[in-house]
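[1] Provide a 3D model corresponding to the input given below.
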Amino acid sequence: MRNILALVLVVALLAGCVGGGETTDSGVAAPETPSGGEAAASTPAGGVDLTDMAYLELAALGQPVECDVTTTMNEQTFVMNLKIHGDKTRMEMAVPDIGDILTIQRGNKYYSDVSGPMGQYYLMNTGDLECDWFESIAEESEGAPYDMGDLEEVPSTDMDCSIGTFSSSVFDTPGTVCTTQDLQDAMMEAYGV
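    Alright, predicted model coming up:
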């Protein structure tokens, strides 16, 4: 489980949900490729070289960008697919023995697919609350909320990005979106408080 948390931290760093770097007006952080990481060369037909671009640079292109992020931990290789367009990001990853993780970020809001393991974690002890997505809001921070030494165990990551061909519907969250307040209210009701 600790390794999965490290992998989720890599996802968070790549998607910009951990403070401490430069930010856009929407509060999205600009992470660099984690220590030891490499960015694969990718020059699409349009002539845009995506090599060594950080998240904010990819988001600022004004074009859809798709990246495959490969991470190896404990002799297992994980591949996460990122779809980026402006201040929107879709992150998908299959984690062996855990399940698929899907998160969509729009501005400072993050939506976790409730059918996946992260969503099931959010819905524990919430009674009859029915949600398809869990919404959380990233607060602006002036610095990293963790000790940079905590990142020593984050595995190296390789990114391969190209101009994407997806539509904006990949950032949709169909169904019912539950907020933190919805979860708190459901938990209070489930415990009879």
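
[2] I figured T71 hits M80, correct?
    Yes - T71 lies in contact with M80 (CB atoms under 8 Å); the separation is 7.3 Å. For glycine as for every other residue, the C-beta is placed from the backbone atoms N, C-alpha and C.

[3] All the strands of the chain, in order from the start?
    Secondary structure of the chain, counting by DSSP state E: strands at 38-39, 65-73, 76-85, 88-95, 99-106, 109-113, 133-137, 157-163, 177-178.

[4] With mean neighbour count, distance to E57 and mean pLDDT as added columns, please give those strands in CSV.
    Shown next, in CSV, are the strands of the chain (neighbours: other CB atoms under 10 Å; distance: least, CB to CB, whole Å; pLDDT from 0 to 100):
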stretch, mean neighbour count, distance to E57, mean pLDDT
strand 38-39, 16, 11, 40
strand 65-73, 19, 10, 88
strand 76-85, 18, 10, 91
strand 88-95, 20, 14, 92
strand 99-106, 20, 17, 91
strand 109-113, 21, 21, 92
strand 133-137, 19, 25, 90
strand 157-163, 19, 10, 86
strand 177-178, 18, 30, 92
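
[5] can I get the ones you listed in CSV with distance to A186?
    Formatted as CSV, the strands of the chain follow (distance: least, CB to CB, whole Å):
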stretch, distance to A186
strand 38-39, 42
strand 65-73, 34
strand 76-85, 30
strand 88-95, 26
strand 99-106, 21
strand 109-113, 16
strand 133-137, 11
strand 157-163, 36
strand 177-178, 8
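
[6] now G192: how far from L183?
    Distance check for G192 against L183: by CB to CB, to the nearest Å, it reads 16 Å.
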